[in-house]
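Q: Just need the structure, nothing else, for what follows:
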Amino acid sequence: MNKGELVKEMAVKSGLTQKDVQKVLDSFFDTIIETVKKGDKVQLVGIGSFEAKHREARKGRNPQTGEEIEIPARTDLVFKPGKQLKDALN
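A: Alright, predicted model coming up:
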């Protein structure tokens, strides 16, 4: 399911217009991004949580040449599913 299909499905289930659902969904994503960028965690009970995790720089190897390379530090977005979501999939 892509974003357009999600908007259509949410519009049907909520009775709102697709335009209104699009605005709500965009603001939802923007809020999650802004919150995680500040270093805070977004927790949606039953669904899961989003947070930024810092990864230190490390050494790795190029699998083709075996040459040692430096992998730079970075910040990753991590999603951890909640119990309700996990249970729904089983």
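Q: Which parts of this structure are strands?
A: 42-44, 48-55, 58-61, 68-71, 74-81 (DSSP state E).
Q: Ok, which of the ones you listed comes nearest residue 87?
A: Checking the strands of the chain against residue 87 by CB to CB gives strand 74-81 as the closest, at 9.9 Å. Just so you know, the C-beta spots here come from the backbone N, C-alpha and C atoms, and that holds for glycine as well.
Q: want to try CSV for the strands of the chain, with mean neighbour count as columns?
A: Converted to CSV, the strands of the chain look like this (neighbours: other CB atoms under 10 Å):
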stretch, mean neighbour count
strand 42-44, 13
strand 48-55, 14
strand 58-61, 10
strand 68-71, 10
strand 74-81, 12
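Q: Now for residue 89: which residues touch it?
A: Applying CB atoms under 8 Å, 6 or more residues apart in numbering, we find residue 89 in contact with no residue.
Q: how about CSV for the strands of the chain, with mean pLDDT and distance to residue 2 added?
A: CSV is the format used below for those (pLDDT from 0 to 100; distance: least, CB to CB, whole Å):
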stretch, mean pLDDT, distance to residue 2
strand 42-44, 96, 21
strand 48-55, 95, 20
strand 58-61, 95, 33
strand 68-71, 95, 31
strand 74-81, 94, 18
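Q: I'd like those as CSV, with distance to residue 8 appended.
A: Shown next, in CSV, are those (distance: least, CB to CB, whole Å):
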stretch, distance to residue 8
strand 42-44, 22
strand 48-55, 23
strand 58-61, 43
strand 68-71, 41
strand 74-81, 23
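Q: how about the ones you listed, which one is nearest residue 36?
A: Nearest to residue 36 among these is strand 48-55 (5.0 Å), distances taken as CB to CB.
Q: Send me that closest one as CSV with only the CA atoms.
A: In CSV, the C-alpha atoms belonging to strand 48-55 read as follows (Å, rounded to 0.1, in the frame of the first residue of the first chain):
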residue,chain,number,x,y,z
GLY,A,48,5.0,1.2,18.3
SER,A,49,7.6,3.9,18.8
PHE,A,50,9.9,6.0,16.6
GLU,A,51,13.2,7.3,17.8
ALA,A,52,16.6,8.4,16.5
LYS,A,53,19.6,6.1,17.4
HIS,A,54,23.1,7.4,17.0
ARG,A,55,25.6,4.9,15.5
